[in-house]
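>>> One predicted model, sequence on top.
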Amino acid sequence: MKKILIASALTLGLISTSALTQDYDNKERAASVGSPGDPANVSRTIEITMVENRFKPSEIKVKQGETVKFVLQNAGKKKHEIMIGTPEEIDQHGKMMKKFPGKEHPDEPNMISVNPGKTGELVWHFTEAGVVDFACPLPGHFKGMNFKGMKGIIEVETK
Ligand SMILES: [Cu+2]
């Protein structure tokens, strides 16, 4: 009896994990991740807390056309970053960071670094409906384009 219970618990665990991944994979990506936002046009501020190695929240909903100011609070003990981009862009940048760990990356409008105890801001304009990805590209923080590690999604809803 005990064995059966353990076996079914394991099965349930596996089912829920793969269901989550599948649901995430099936969500349609936005035709464009958007563009840098004008701080003068911010329609909403969303606060995100960074810890090791997670964003809270990791699922965010916005509306198409919105300019959002993300306020990133690093409540962890390590430096963290946020990068908005396509899964391919994030993956590529992550690989580059791994290859050149000490390299300070150029001032890109789609990413910021936040030191422990500090707060950073990133303003982004969401132009297309669909899922837009974000992650912390630092080595070891983000583990592929699923919900493991420092990764999240922004669901941009049609106007
Ligand atoms: Cu991080």
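That came in fine, so what should we check first? Residues are numbered from 1 along each chain as shown.

>>> got a list of what G130 touches?
27-31, 155-156 (C-beta atoms under 8 Å, 6 or more residues apart in numbering). For the C-beta atoms, the positions are set from N, CA and C on the backbone; glycine is no exception.

>>> which of those has the most neighbours?
With neighbours set by other C-beta atoms under 10 Å, the maximum within the contacts of G130 is found at V156, which has 25 neighbours.

>>> Would you confirm that that residue contacts K63?
Yes - counting by C-beta atoms under 8 Å, K63 is a contact partner of V156 at 7.1 Å.

>>> what is in contact with these two at once?
In contact with both V156 and K63: F126, using C-beta under 8 Å, 6+ apart.

>>> With adjacent residues omitted, what lies nearest to T119?
Excluding its sequence neighbours, the residue lying closest to T119 (C-beta to C-beta, 6 or more residues apart in numbering) is Q73, at 5.1 Å.

>>> shouldn't the one you found be in contact with E47?
Yes - between Q73 and E47 there is a contact under C-beta under 8 Å: 6.6 Å.

>>> Settle it for me: which of those two has more neighbours?
Remark: of Q73 and E47, Q73 carries more neighbours, 16 against 12, as counted by other C-beta under 10 Å.

>>> Sheet partners, orientation included, of the host helix or strand of that one?
Secondary structure from DSSP states H and E places Q73 in strand 67-74. Using DSSP bridges, strand 67-74 pairs in its sheet with strand 44-51 (parallel), strand 119-125 (antiparallel).
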